[in-house]
Structure formats: C-alpha cells, structure tokens
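Novice: Generate a structure from the sequence data that follows.
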Amino acid sequence: MLTASIVLYHTKPELFDAVLKSVLDSKCVDKLFVIDNAPEDKNREIEKRSDIIEYIPHDNTGYGDSHNIALRKSAELKADYHIVLNPDIRFDKDVLKTLVNYMDQNKDAVYILPKVIYPDGELQYLCKLLPSPSDLFLRRFLPKTNISEKKNDRYVLKHSGYNKVMNPPCLSGCFMFLRVSALVENDIFFDDRFFMYFEDFDLIRRLHRIGRTVFFPEVSIIHDHARESYKNKKMLKIHIKSAVKYFNKYGWLFDRERNLMNKKILKEIEELK
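Specialist: All right, here's what the predicted structure looks like:
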C-alpha cells in the first residue's frame, strides 16, 4: 500500500491542482491525506474530487507536525510506503511506480528522492552534506565569490554529477518517499519543535542512521521552488530560529556524527567516478 500527504496553508489552487493531478494520474496511491492548516476550512470540497482523498482540517502547528498526522494514519493502515509531498511539485504518471519498484528491490533503502528540476528544466542541487553553521551562513548572507561558490558546490555535492544513485545524509524534503516500517520500528517521525524548515534535514539525518537515504536520478519531478525565506522577512526569521534549534540539537562547531556521515558520502562519490 502507498499513501501520501500534502499540507496546505493558503495554497494557490493552481499549485495544488497540479500535484493532485500527478497523484491521481499515477493510479498507485491508495490514500491521500490533505491536511489544511488554514483556519477557514474552505478546501473541504477537495474530498469530492476522489475517493482516495481524506481531508483533515488542522491548527497550524507546523509543517512536520501536520505531516505526522498522516504518517501515523499510514502506519495504522500498515502501508508499505508514504510520500510527503510539497504542494508545489508535479510529476509524470510513471514516477511513483518506478520508485515503488526500487524500494521493493532495495530493502535497505528507507528514503528516496528523485532528480528535482525547475519548470524550465534546470537541475536543483538538493543533495547535501550535513550542514555546518558556516555552510548556511555563506549561502544566505555572503556575496558570491570564487571561494564561497567552491564551498557551496562542495556542500551541495555538485561534483557528483547528479547522474548516479547515491546515499547522501541530507536531502530536500519537497518529495519524501518513505518506508513506513522504518519509521514505526524506530519511532522516527518529524520533530515538532521545528515549526518550518530543518524538519526534513532532521528526519533524514535520523533515517540515515538506520538505512540508505537514496538519491535516484533515473526519474525526475518538477518543483516550483519559491525560496520564501529569501523574499519574506517573517519566513527568514522562522528559518533562522529553526537553524538554531537544529544546531542546538546536534552541535554547532563539534558534531562527530556530521563529520563521519559527510566523510562517508564524499568517499562514496569519489569511488563512483
């Protein structure tokens, strides 16, 4: 069984329509949980569009905490896999079937992310090393120089070529294809202390301890990535608060696990060349 969830909050209808069409056209999702964090509860009619949709109005307690509702429902249904979907993505009908087949054949994989592109076809570099404070500070606040660009290229594993299956310790949360048994057996769910941002880094890091978190470039999805924290001061503040919580949890300058996981993926990339 394959389940999925989407969290809405004043989401543009055209974005949600695109991801919903992708899910329904795939014909392999058994249950889609739509968690609406907006107080108006105006999207209830979504349930009429398909009998696989369960609409859940919810207080805005955070992105990860809202998806936890669906993850636990998925666990109760004894689903094999669950997909956490951003409302700003879309994909072809065969993508999910291909990912299910890969997960069926690779039992050590607990998470999988396909290649992600912008609407114009440009590649999004969403595989990463586990971040240090300097990685994030350089990306967000310092002007681009040859040195900063080289450091950022290393952080996003650009030298890997993004053309082979690999096992990074940090990946984007825009499309999180998860093995449900791995979550349940290890009690790994989103940490609700992260209202928004870093909840994906945190979850994938914990999953990486118990299995492979896979980048799978043989299929691709389209992501209309808005980078809201670069445009909106309120979102930037939330982003910074989440970063502080993340480094308080794992360590700022000293993080032995970060060092070990990063060395491992850099070595793997060299061996794949």
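Novice: okay, now D108: neighbour count?
Specialist: D108 has 11 neighbours, counted by other C-beta atoms under 10 Å. For glycine as for every other residue, the C-beta is placed from the backbone atoms N, C-alpha and C.
Novice: For it, give me its contacts.
Specialist: The contact partners of D108, taken as C-beta atoms under 8 Å, 6 or more residues apart in numbering, are G211, R212.
Novice: Would you mind stating the distance between it and S50?
Specialist: 33 Å (C-beta to C-beta, to the nearest Å).
Novice: Do I have it right that R49 meets D17?
Specialist: No. Using C-beta atoms under 8 Å, R49 is not in contact with D17; the gap is 9.4 Å.
Novice: Need the phi and psi values for Y111.
Specialist: phi -150, psi 150 (degrees, to the nearest 10).
Novice: tally of neighbours for it?
Specialist: 24.
Novice: any idea of the pLDDT on it?
Specialist: Per-residue confidence (pLDDT) for Y111: 98.
Novice: do you know how far it is from K164?
Specialist: Distance, Y111 to K164, by C-beta to C-beta: 17 Å.
Novice: can you check S26 too?
Specialist: Counting by C-beta to C-beta, the gap from S26 to K164 is 25 Å.
Novice: The two - which one has more neighbours?
Specialist: When S26 and K164 are compared for neighbours, S26 comes out ahead with 18 against 14, by other C-beta under 10 Å.
Novice: Quick one: the strands in this protein, in order.
Specialist: With DSSP state E as the criterion, the chain has strands at 2-8, 31-36, 53-57, 81-85, 89-90, 109-117, 127-128, 170-171, 175-179, 212-223.
Novice: Now render those as CSV, adding distance to E199.
Specialist: Listed next are the strands of the chain as CSV, based on distance: least, C-beta to C-beta, whole Å:
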stretch, distance to E199
strand 2-8, 11
strand 31-36, 14
strand 53-57, 18
strand 81-85, 10
strand 89-90, 17
strand 109-117, 14
strand 127-128, 15
strand 170-171, 13
strand 175-179, 10
strand 212-223, 15
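Novice: if we compare these, which one ends up closest to D255?
Specialist: Of all the strands of the chain, the one in closest proximity to D255, counting by C-beta to C-beta, is strand 170-171 (12.4 Å).
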